[in-house]
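Enquirer: Let me see the structure of the following:
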Amino acid sequence: NGLFPRWADAVNNYADRTADQLIDRGIAGDRAAELLDKRTKRYADKLRRSRAKMIARTETSFAQAAARQASYEACIDSGLCGPQATKTWVTGGFDVCNICTPLSGKRVPINSLFYWAGGFRGGSGLGEPAHPNCRCKTRMDPLISQPPQLIGSNTFEDPFRYQFADGFTAGVNPVAV
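Expert: Take a look at the predicted model:
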């Protein structure tokens, strides 16, 4: 029926309580069956919508985490930051679950796993989500030792650009003349 077993049990319990309430109010027969079906279906549909939203949020979080991880790796591969860069687990601002609370502020190298108790993927992953409806994210900490230096003479042949401490020089964006 599209529900978790626990939620299906909740629908059945709701139907039992509703049937008892209808009997207490003296409603029986076809009218009681009609009301019971209508109310139970409405409650089950509400739970199905809730489950669909949870799946959508969680799958979106998986996709965002994969893109974020790819951008971290691209940053290192392009030389924009060094291989010593790390990432930090950032929890939601409030009402953080017991799976994510121990991860708050935990820092690991870019290609290392985070570990947690319970949740998804056997308790580890390159990033979020750690469980359904997880609101956590990771943040890259590039560990730039000093600010980039402005180089170039601001001419067409030698435009301004930035050079980082590890030797990476930011490219020049072509401008239509």
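
Enquirer: For this protein, give me the ranges with low pLDDT.
Expert: 145, 166, 173-177 (pLDDT under 70).

Enquirer: which stretch of helix or strand covers the residue nearest to the spatial centre of the chain?
Expert: Closest to where the C-alpha atoms of the chain average out (CA atoms, centre = their mean) is residue 61, at 3.2 Å. Taking DSSP states H and E as the definition, residue 61 sits inside helix 29-77.

Enquirer: what's the next secondary structure element after that helix?
Expert: Going down the chain from helix 29-77, the next helix or strand is strand 86-90, by DSSP H and E.

Enquirer: Each with direction, which strands does that next one pair with?
Expert: Within its sheet, strand 86-90 is paired with strand 107-109 (antiparallel), strand 137-141 (antiparallel), according to DSSP bridges.

Enquirer: now for the ones you listed, which one comes closest to residue 31?
Expert: Nearest to residue 31 among these is strand 137-141 (51.9 Å), distances taken as CB to CB. Every residue, glycine included, has its C-beta placed from N, CA and C.

Enquirer: Please pull up the helix or strand immediately following that closest one.
Expert: strand 149-151.

Enquirer: Who are the contact partners of the residue of the chain positioned farthest from its centre?
Expert: The outermost residue of the chain relative to its centre, with distances by CA atoms, centre = their mean, is residue 26 at 49.2 Å. Going by CB atoms under 8 Å, 6 or more residues apart in numbering, residue 26 touches no other residue.

Enquirer: Give me the phi and psi for it.
Expert: When read as degrees, to the nearest 10, the backbone of residue 26 gives phi 80, psi 20.

Enquirer: got it, and residue 84?
Expert: Note on residue 84: its backbone torsions stand at phi -80, psi 0 [degrees, to the nearest 10].

Enquirer: In contact with the nearest residue in space to residue 149 that is not next to it in sequence, which residues?
Expert: Excluding its sequence neighbours, the residue lying closest to residue 149 (CB to CB, 6 or more residues apart in numbering) is residue 163, at 5.2 Å. Going by CB under 8 Å, 6+ apart, residue 163 touches 148-149, 151, 169-170.

Enquirer: from these, which two are the most distant?
Expert: Going by CB to CB, the pair spanning the contacts of residue 163 furthest: 149 and 170, at 10.9 Å.

Enquirer: any residues in contact with both of those two?
Expert: Contact criterion CB under 8 Å, 6+ apart; residues shared by residue 149 and residue 170: 162-163.

Enquirer: What's opposite residue 87 in the beta bridge?
Expert: residue 108, residue 140.

Enquirer: Do I have it right that it meets residue 107?
Expert: Yes. Between residue 87 and residue 107 there is a contact under CB atoms under 8 Å: 7.1 Å.

Enquirer: Those two: who's more crowded?
Expert: residue 87 (24 against 13; other CB atoms under 10 Å).
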